[in-house]
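[1] Predicted model and sequence follow; I will ask about them next.
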Amino acid sequence: MNMNLSELMAALPTEQGDAQDEGAFANEQLRQIFADLALRPAPVHSLHRLWSTGELSVQIALASLALWMRSWFATADMRKRRAIETNLRLALKTFHRLGYLRGAMIKIGQAAASLPNLLPAAIADTLDKLHFEAPPMHYTLIREMLTNELGGDPDEVFSRFDKEAFAAASLGQVHRAKLKTGEEVAVKVQYPAIARTIDADFRNLSALLFPARFSRDWESIEQSFAEIQRTLKQEVDYVEEAENLRRAASLFTGEDEIVVPKVYGEYSTKRVLTMEYLPGMHLNEFLTTDPSQEARNAFGTKIHIAWWRMYYGDIHHADPHAGNYLFLNDGRLGLLDFGCVQRYGAEERELRAITDKLANGWDAFPEFLRLGARASAKDLANPEYVKTIREGFVWMAETMAEGPFDFGDGRHLQAGIGWFSRLLRKRYTQGHPTYLYFFRSVFGLKAVLYRLRAHVDVRALMEQEQRAATEAH
Amino acid sequence: MRVTLQTKTATKERIVDTASKLFARRGWEGTTTRDLALAAGIATGTLFNYFQSKEAIAAELIAAALSRWQREFADGEQRGQSLEEDIFALVWGGLKSLRDLRPVLSPALDTVLSPLARSSPACAGDAIRAGHLEAVERLILDSGVPGPLPALTMQIYWTLYLGIVSYWAADDSPHQEDTLALLDQTTKLFTASLRGLKGVGNEHESE
């Protein structure tokens, strides 16, 4: 699927509630900015794929940010509005023309798109695909990276190394290989210089966000972006990912039928990650086999167990999209890509305990508003605010009724997107930075289960995992 | 005393050999033509009979290293699966062959290798340009682009190439990975531009 700017613009929700003139003004400014951006030279031939991947993510990032910024136009006076508009136009252009390393932009695109914003289903699908498309590296470049990182040519280091990648990672690509000791492995190689561009990209992003300083949400926005930057830096460091893999692997036993690939530390560095090769299908391929409802439910249950296990294991998988699950022929579920993982500390554990209480009643709600939503006194006095936040929990509790929940019914996901949309429109988006990734994770999980059309007994699984975690502690 | 061709060649080689050692030891700035003449056992004036400037000596060193690499590359073992990959391999291998000469690259790029440098057959700068462009042109023609290539195409290529060499000369990123990325993006850009010349045989990029 491909999209262009006008489609993205069309996908943005329309203003509601604010004065019509204000909305029209903001819309017109944004339209002009996007029209400017659309005047760029058309990508040609072989560059097309590279550009369409990069450009698309940048467009999504821009669309999300523009959507997010739109509300500021409505409240600022004319003078400030002009300043915002000028800054936004310049910043967007800078952002758009950013360097040649588009991989990091893809990550920022993904992260920005998962800010507390509504993602129309079409854009969510595209983001999902981005996980499978990255700038390709030919073997000469791969060989150079491996020689630099592992100290030897792949032909010397491995007993076999496939020159063609078998999968694309968001910041690189994955090749199959065989160790000299006989193990089949997957070697993930990062595109050169990505890690070092992240700081530079964030400096540019700061320029882009300059107008946000006018906003009352600035503190929350600043913290959210610091969180994104921290997570991205973790994501480009494969030593960190290897550690996440090891920790995650320790949470599962053979009985769970959930596998995390083993890491081969001596063949791994910050930019190269060598893991056990797991043979299996991704979701799309699995669905083409027309699996039985039983098989769908079994995998859906394992996906949910994995989610809860990691959540209570203090290494919450913040990016559970379809590309991160492998459906093995023997019925086991493979978990891939542990780059985007939130390691929970005391604060996050406290918030988790509060949220857990909310699954059984509203007593802990004021505590959540204070610590989780970081509501101000003014917010708390606003019944509309309290009602909207409460609706989020009501929505999440929908899946936790007794017995299996049918994720194939799209109304649940749609209702969640609707709630998120209201949260955004009303600018009730401040909160503890952990929720930036928590909601991304919740929506990612539910989107996968929706596509799988699985029936899962969520409450039973949650209680089982809660109990196990309590006993383990 | 009559100076034979053999003596001339030997002296020239001695100057280049001495320069290679002195540049490595004292750096570009720390080595004067006087030092070079002294170390090579000749008068400073005599040195100028062989090379017009210190930069011309640097160009000679660069030309020799690149020429060795191009001969190795022409053997074909380094060939990849696409024109883009081949050009990448040719350029990156060339840069690696210049690793010890990094300190002298910038001054050479400012003078004898500059796109603005006056053509002088006596200077190795011309030989470097001709040798490299010939190798690239061969790769392009081998990939199925019909010849002869427009002069503008090779001029664009040369400008891109010098940009990469300049960037690499000052690149302090680990393993010069910034240059790796720049070279990758540049070869993509350049091979894409060749598509207009019809019939590029490029397995990776065929739609």
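    Good, I have the coordinates. Numbering: from 1, shown residues only, chains lettered A, B, ... in the order given.

[2] Give me the spatial nearest neighbour of the residue of the stretch 301-450 of chain A found nearest chain B, chain neighbours excluded.
    Nearest to chain B, among the residues of the stretch 301-450 of chain A, is A:Gly339, at 19.0 Å (Cβ to the nearest Cβ). For glycine as for every other residue, the C-beta is placed from the backbone atoms N, C-alpha and C. For A:Gly339, ignoring the flanking residues on the chain, the nearest one in space by Cβ to Cβ, 6 or more residues apart in numbering or on different chains is A:Glu235 at 3.8 Å.

[3] what number of residues lie near that neighbour?
    Residues lying near A:Glu235 (other Cβ atoms under 10 Å in any protein chain shown) number 25.

[4] hang on, it packs against A:Lys270?
    No - applying Cβ atoms under 8 Å, one finds A:Glu235 not in contact with A:Lys270, separated by 11.5 Å.

[5] Which strands or helices does the worst-scoring helix or strand of chain B on mean pLDDT pack on?
    In chain B, the helix or strand scored least confidently by mean pLDDT, DSSP states H and E is helix B:102-110, which has a mean of 82. If you count contacts as 3 or more Cβ pairs under 8 Å, 6 or more residues apart in numbering or on different chains; DSSP states H and E, helix B:102-110 packs onto helix B:5-26, helix B:54-74, helix B:151-169.

[6] let's see 6 Å
    Here helix B:102-110 touches helix B:54-74, helix B:151-169, going by 3 or more Cβ pairs under 6 Å, 6 or more residues apart in numbering or on different chains; DSSP states H and E.

[7] I would like the residues contacting stretch B:88-105, please.
    A:140, B:23, B:27-28, B:58, B:61-62, B:65-66, B:69, B:73, B:78, B:80, B:168-169, B:183, B:187 (Cβ atoms under 6 Å, 6 or more residues apart in numbering or on different chains).

[8] pLDDT weak spots in the chain?
    Reading this off chain A. Counting by pLDDT under 70, chain A contains low-confidence ranges at A:1-135, A:170, A:197-225, A:228, A:424-425.

[9] wrong chain, I was asking about chain B
    Applying pLDDT under 70 to chain B picks out residues B:1-3, B:78, B:114-122, B:196-207.

[10] returning to what we had before: touching, the residue of the stretch 301-450 of chain A closest to chain B and A:Ala242? I think so.
    No - using Cβ atoms under 6 Å, A:Gly339 is not in contact with A:Ala242, being 10.4 Å away.

[11] Could you check which of the two is surrounded by more residues?
    Neighbour tally, A:Gly339 and A:Ala242, criterion other Cβ under 10 Å: the higher count belongs to A:Gly339, 25 against 20.

[12] tell me which residues of stretch A:271-286 are tucked away?
    Buried positions in stretch A:271-286, judged by neighbour count with 16 or more other Cβ atoms under 10 Å in any protein chain shown: A:271-278, A:280-283, A:286.

[13] and the residues you listed, which of them are in strands?
    A:272-276 (DSSP state E).

[14] Residues of the stretch 251-400 of chain A that sit close to chain B?
    By Cβ under 6 Å from any Cβ of the partner chain, no residue of the stretch 251-400 of chain A approaches chain B.

[15] For chain B, what's the nearest residue on the stretch 251-400 of chain A?
    Nearest to chain B in the stretch 251-400 of chain A, going by Cβ to the nearest Cβ, is A:Arg271, at a distance of 8.6 Å.

[16] Give the closest residue to that residue in space, chain neighbours not counted.
    A:Gln190 (4.2 Å).

[17] do A:Gly392 as well
    A:Trp419 (5.7 Å).

[18] That neighbour: neighbouring residues, count only.
    19.

[19] tell me the contacts of it?
    A:391-392, A:395 are the contacts of A:Trp419 under Cβ under 6 Å, 6+ apart.

[20] The same query, at a cut-off of 10 Å, please.
    A:118, A:388-389, A:391-396 (Cβ atoms under 10 Å, 6 or more residues apart in numbering or on different chains).

[21] pretty sure A:Arg247 contacts A:His317?
    No - applying Cβ atoms under 10 Å as the test, A:Arg247 and A:His317 come out as separate, 11.3 Å apart.

[22] any residues in contact with both of the two?
    Joint contacts of A:Arg247 and A:His317 (Cβ under 10 Å, 6+ apart) are A:310, A:338, A:341.

[23] could you list every residue that touches the last one?
    It refers to A:Val341. With Cβ under 10 Å, 6+ apart, A:Val341 has these contacts: A:231, A:234-235, A:240-241, A:243-245, A:247-248, A:310, A:314-319, A:437, A:441.

[24] again with the first one
    For A:Met310, the set of contacting residues under the criterion of Cβ under 10 Å, 6+ apart consists of A:244, A:247-248, A:251-252, A:260, A:316-318, A:320, A:335, A:338, A:341-342, A:344, A:441, A:465.

[25] picking that back up, which neighbours do A:Glu235 and A:Lys270 share?
    With Cβ under 10 Å, 6+ apart, A:Glu235 and A:Lys270 have common neighbours A:195, A:241.

[26] Find the helix or strand that A:Glu348 is a member of.
    helix A:346-358 (DSSP states H and E).

[27] Let me know the next secondary structure element after whichever strand in chain A runs longest.
    The residue-count maximum for a strand in chain A (DSSP E) belongs to strand A:160-169. Per DSSP H and E, strand A:160-169 leads on to strand A:172-178 as the next helix or strand towards the C-terminus.

[28] what's A:His455 sitting at in phi/psi?
    phi -110, psi 120 (degrees, to the nearest 10).

[29] Hmm, A:Phe407 and it touching each other?
    Yes - assessed by Cβ under 10 Å, A:His455 is found in contact with A:Phe407 at 7.1 Å.

[30] Tell me which of the two has more neighbours.
    A:Phe407 (27 against 19).

[31] From A:Lys302, how far off is the closest residue to the more buried one other than its chain neighbours?
    Distances taken as Cβ to Cβ, 6+ apart put A:Leu449 closest to A:Phe407, at 3.8 Å, once the chain neighbours are dropped. Taking Cβ to Cβ, to the nearest Å as the measure, A:Leu449 and A:Lys302 are separated by 11 Å.

[32] Next, show the common contact partners of the two.
    In contact with both A:Leu449 and A:Lys302: A:Val456, using Cβ under 10 Å, 6+ apart.

[33] between the two, which one's more packed in?
    Each of A:Leu449 and A:Lys302 has its neighbours counted (other Cβ under 10 Å); A:Leu449 has more, 28 against 24.

[34] I'd say the more buried one and A:Phe299 touch.
    Yes - in terms of Cβ under 10 Å, A:Leu449 counts as a neighbour of A:Phe299; the distance is 9.4 Å.

[35] which neighbours do those two share?
    Contact criterion Cβ under 10 Å, 6+ apart; residues shared by A:Leu449 and A:Phe299: A:Val456.

[36] Narrow the contacts of A:Met310 to those in helices?
    Among the contacts of A:Met310, the residues falling in helices (DSSP state H) are A:244, A:247-248, A:441, A:465.

[37] which one among the residues you listed gets closest to A:Ala375?
    Proximity of the ones in helices among the contacts of A:Met310 to A:Ala375 (Cβ to Cβ) peaks at A:Ser441, which lies at 22.2 Å.

[38] how about the nearest residue to the closest one, chain neighbours excluded?
    In this structure, A:Ser441 finds its nearest non-sequential neighbour in A:Ala318, 5.0 Å apart by Cβ to Cβ, 6+ apart.

[39] Much appreciated, bye for now.
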